[in-house]
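**Q** My questions are about this predicted structure, shown below with the sequence.
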Amino acid sequence: MSRANNHANNRPIPLPRTLRSAGELIEAGLVGLVGADDAQAMDRAAEAMPIAITPHLLDHMAPAIARQFVPTAAELQPHPDDTPDPIGDEAHSPVRGIVHRYPDRVLVKPLLHCPAYCRFCFRRGQIGEDDGSLSDAELDAAVAYIAERTAVREAILTGGDPLMLPPARLGEIVHRLAAVPHIEVVRIHTRVPVTDPRRVNAETLAALRAEKAVFCVLHCNHPDELTDETTAACARLIEAGIPMLSQTVLLKGVNDDVEVLAALMRALVARRITPYYLHHPDLAPGTAHFRSTLAKGRALVAELRKQVSGICMPTYVLDIPGGFGKVPAEGPLIEADSDGRYRVRDRLGETHAYPPAKPPRGAVADTEAT
């Protein structure tokens, strides 16, 4: 089946009134929250990645939120460290919709569509042409790939945002993955409770119920994102028996401040969400203005550890460019070079320069042994 003839139930639910153009953002008064960019600069930035700001975000707009979602001229500035595929998705995609970097887990990307588009997204180059939905045949191939590799224990739904799928399609995918005998955990990575919490409804919760463990990992970067509606959406997930973790991206001008990070982690724990990862920003083109240095990130996390309890501490991680996996960004696997760069050892003991001297080609996926 061609992508043009995708299953009708695979298409994302339309979201009315989402702001999608520079003119709409200017009319909504958002430009003043991030700087003095004009419509022309915003339009040019939108050529690389579309604009989408949901009514919920607009209703709760604050400078820390605007900076994440409103395009600016800074996205047009190239940086020598930019890498088109910063974490090696393409190098580790044996079939469409699958990314396989670790022996015991795989990413499943059923679509490349989100309610709102974060301007720092490391997959920004994959978004825009269409919603990226897997056809029935492509989903069959993705599930078959997982079923053939018995070392895989976790299937991680990502994208795009999997909670953008209609509940029937979401439920189909969750249950097909859970039916694979060696799959023990189905993980959902989502920003929907932050960007459009109304989608976390009874139908969505029913779709996530399965005979295997289902976890939800919330992407949340600032305390201002934890609105009453977001809190209620997360409570619905948790009370439906779905444990929640969080992942946060360290973003310059948004949360690169120890008081902000401490407030965020405490607020997440108070909502029964366990902080999981604090990501160092990836080297995606157009995102250099969001990237703090590793030295600053390490200092922030060291100070954070002095201020919050252990259950409030995420693991600060660097995703090695090229698809070589995550490593703790504080520990001995990362050593500073004299030129201000770093040497990073991956999980297999191989050493990589960070940032890389040139765009990495990526490691060869070790999937046949799994």
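**A** Sure thing, it's come through.
**Q** make it CA atoms for all contacts and neighbour counts henceforth
**A** Noted.
**Q** Please, where are all the strands along the stretch 151-300 of the chain?
**A** 154-157, 185-190, 213-219, 244-249, 273-279 (DSSP state E, counting those that start in this stretch).
**Q** contact partners of the shortest one?
**A** It refers to strand 154-157. Residues outside strand 154-157 that contact it (Cα atoms under 8 Å, 6 or more residues apart in numbering) are 104-110, 177, 183-189.
**Q** try 6 Å
**A** Residues outside strand 154-157 that contact it (Cα atoms under 6 Å, 6 or more residues apart in numbering) are 105-109, 183, 185-188.
**Q** One more: stretch 303-322?
**A** In contact with stretch 303-322 (Cα under 6 Å, 6+ apart) are residues 86-88, 258, 265-266, 275-280, 325-329, 360, 362.
**Q** Tell me which of these fall in helices.
**A** 258, 265-266 (DSSP state H).
**Q** Name the nearest of those relative to Pro94.
**A** Nearest to Pro94 among these is Met265, at 36.1 Å by Cα to Cα.
**Q** What does the nearest residue to Gly286 once chain neighbours are set aside show for phi and psi?
**A** Using Cα to Cα, 6 or more residues apart in numbering and skipping the chain neighbours, the partner closest in space to Gly286 is Glu75 (4.1 Å). With angles defined as degrees, to the nearest 10, Glu75 sits at phi -70, psi -20.
**Q** what does Pro84 give?
**A** According to degrees, to the nearest 10, Pro84 has phi -60, psi -40.
**Q** Kindly report the same for Gly325.
**A** Torsion angles, degrees, to the nearest 10, at Gly325: phi 100, psi 170.
**Q** Can you report how many residues neighbour it?
**A** 19 (other Cα atoms under 10 Å).
**Q** which residue packs closest to it, ignoring adjacent ones?
**A** The nearest residue in space to Gly325 (Cα to Cα, 6+ apart) is Asp319, at 5.5 Å.
**Q** Quick one: neighbours of that neighbour, just the number.
**A** 21.
**Q** wait, which of the ones in helices among the contacts of stretch 303-322 is closest to Leu245?
**A** Distances from Leu245 to these, taken by Cα to Cα, are shortest for Met265, at 11.0 Å.
**Q** ok, that closest one - contacts?
**A** So Met265 contacts Cys312 (Cα under 6 Å, 6+ apart).
**Q** 7 Å instead, please
**A** 275, 312 (Cα atoms under 7 Å, 6 or more residues apart in numbering).
**Q** Distance of the residue nearest to Val194 when sequence neighbours are not counted relative to Arg199?
**A** Using Cα to Cα, 6+ apart and skipping the chain neighbours, the partner closest in space to Val194 is Thr230 (5.5 Å). Distance from Thr230 to Arg199, counting by Cα to Cα, to the nearest Å: 11 Å.
**Q** Would you agree Ala141 falls within a helix?
**A** Yes. Counting by DSSP: H, G, I helix; E, B strand; the rest coil, one finds Ala141 located in a helix.
**Q** per-residue confidence for it?
**A** On the pLDDT scale, Ala141 is placed at 98.
**Q** Give me the number of neighbouring residues for it.
**A** 17.
**Q** Distance of it relative to Ser133?
**A** Applying Cα to Cα to Ala141 and Ser133 gives a distance of 14 Å.
**Q** ok, the residue most central in space within the chain - contacts?
**A** The chain has His219 as the residue nearest its centroid, 6.4 Å off, counting by Cα atoms, centre = their mean. By Cα under 7 Å, 6+ apart, His219 lies in contact with 190-191, 246-248.
**Q** Met244 now?
**A** 215-217, 238, 273-274.
**Q** Export the residues you listed to a markdown table and append columns for neighbour count.
**A** Below are the contacts of Met244 laid out as a markdown table (neighbours: other Cα atoms under 10 Å):
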| residue | neighbour count |
| --- | --- |
| Phe215 | 20 |
| Cys216 | 22 |
| Val217 | 23 |
| Ile238 | 18 |
| Ile273 | 23 |
| Thr274 | 22 |
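**Q** quick one: which of those residues is nearest to Met49?
**A** Val217 (24.0 Å).
**Q** Mind pulling the model confidence for that closest one?
**A** 98.
**Q** residues contacting it?
**A** Val217 neighbours (Cα under 7 Å, 6+ apart): 188-190, 244-247.
**Q** Equivalent analysis for Asn221, please.
**A** 248-249, 255.
**Q** Would you tell me which one of those comes nearest to Val34?
**A** Asn255 (14.8 Å).
**Q** just curious, which of the contacts of Asn221 is nearest to Arg123?
**A** Val249 (13.8 Å).
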